[in-house]
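> Coordinates only, no sequence provided:
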Ligand SMILES: [Zn+2]
Ligand SMILES: [Zn+2]
């Protein structure tokens, strides 16, 4: 697939997408990403992003993030968390899972993409899948009906493999 990137920054991001990202490298790259865009990862925005990266498979709702923030830092007003999430969404650093009303970190912030998630209905994990073939298929299908895809989220619900092999897929109990 031809990578339709506007500049070399986005290509860099795409090349890095198959790396194994740790929360630490993700935050470092998020900082670079924001700096390139003239945005700033303030301590609160950073905290929210770290929180999402630390247990990346589990999407978190704004309310849960707010509760965690209160536990860790004392009082915190809901708007602060919502504003931080809005910022992270704008920068492409997180995605919103509409069906769960929850957020998850993305490791391809500089590459605009249609996001595709596999959601396990039993354990609640979410996995973002990056498949160029899917992009091609979508573009092709849209093109046939005269439609240009710009952005969007596809959420597919099912059961993770762990569920099928162990009978339950709670990561905490089986790891
Ligand atoms: Zn993504
Ligand atoms: Zn599962």
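Cool, the structure landed. The structure presented is a predicted model; accordingly, all values stated were derived computationally and were not measured. Numbering: from 1, shown residues only. Ligands and ions are numbered 1, 2, ... in the order given.
> okay, CA-based contacts and neighbour counts for the rest of this
Will do.
> what about residue 116, how many neighbours?
By other CA atoms under 10 Å, 20 other residues sit near residue 116.
> State the three-state secondary structure for it.
strand (DSSP: H, G, I helix; E, B strand; the rest coil).
> List the contacts of it.
Each residue near residue 116 by CA atoms under 8 Å, 6 or more residues apart in numbering is listed here: 128, 129, 130, 153, 154, 155, 156.
> From these, which land in strands?
Counted as lying in strands by DSSP state E, out of the contacts of residue 116, are 128, 153, 154, 155, 156.
> buried stuff in stretch 40-56?
Going by neighbour count (16 or more other CA atoms under 10 Å), the buried part of stretch 40-56 is 40, 41, 45, 46, 47, 48, 49, 50, 51, 52, 53, 56.
> Could I get the buried residue list for stretch 109-118?
109, 110, 111, 113, 114, 115, 116, 117, 118.
> in this structure, which spans are helices?
Secondary structure of the chain (DSSP state H): helices at 8-16, 23-36, 43-54, 62-73, 78-90, 132-144, 161-166, 171-174.
> Among these, which comes closest to ligand 2?
Evaluated over the helices of the chain, closeness to ligand 2 peaks at helix 161-166, with 5.2 Å, by CA to the ion.
> where does the protein have low pLDDT?
1-20, 163-175 (pLDDT under 70).
> change it to 50
1-11, 14-15, 17-18, 172-175 (pLDDT under 50).
> How many residues are close by residue 91?
Neighbourhood size, residue 91 [other CA under 10 Å]: 17.
> Next up, the contacts around it.
34, 109.
> Tell me how far it lies from residue 67.
The gap separating residue 91 from residue 67 is 24 Å, by CA to CA, to the nearest Å.
> Kindly list the main-chain dihedrals of residue 74?
The phi and psi values for residue 74, taken as degrees, to the nearest 10, are phi 80, psi -140.
> And for the one 3 residues further on?
With angles defined as degrees, to the nearest 10, residue 77 sits at phi -90, psi 140.
> which residue packs closest to it, ignoring adjacent ones?
Closest residue in space to residue 77, ignoring its immediate chain neighbours: residue 66 at 7.8 Å, by CA to CA, 6 or more residues apart in numbering.
> What's the local residue count around the one you found?
20.
> so who does it touch?
The contact partners of residue 66, by CA under 8 Å, 6+ apart, come to 76, 77, 78, 81.
> Now the two most distant members of the buried residues of stretch 109-118.
Maximum pairwise distance among the buried residues of stretch 109-118 (CA to CA): 21.6 Å, between 110 and 118.
> one step back: nearest to ligand 2 among the buried residues of stretch 109-118?
Using CA to the ion, residue 118 is the member of these that sits closest to ligand 2, with 10.0 Å.
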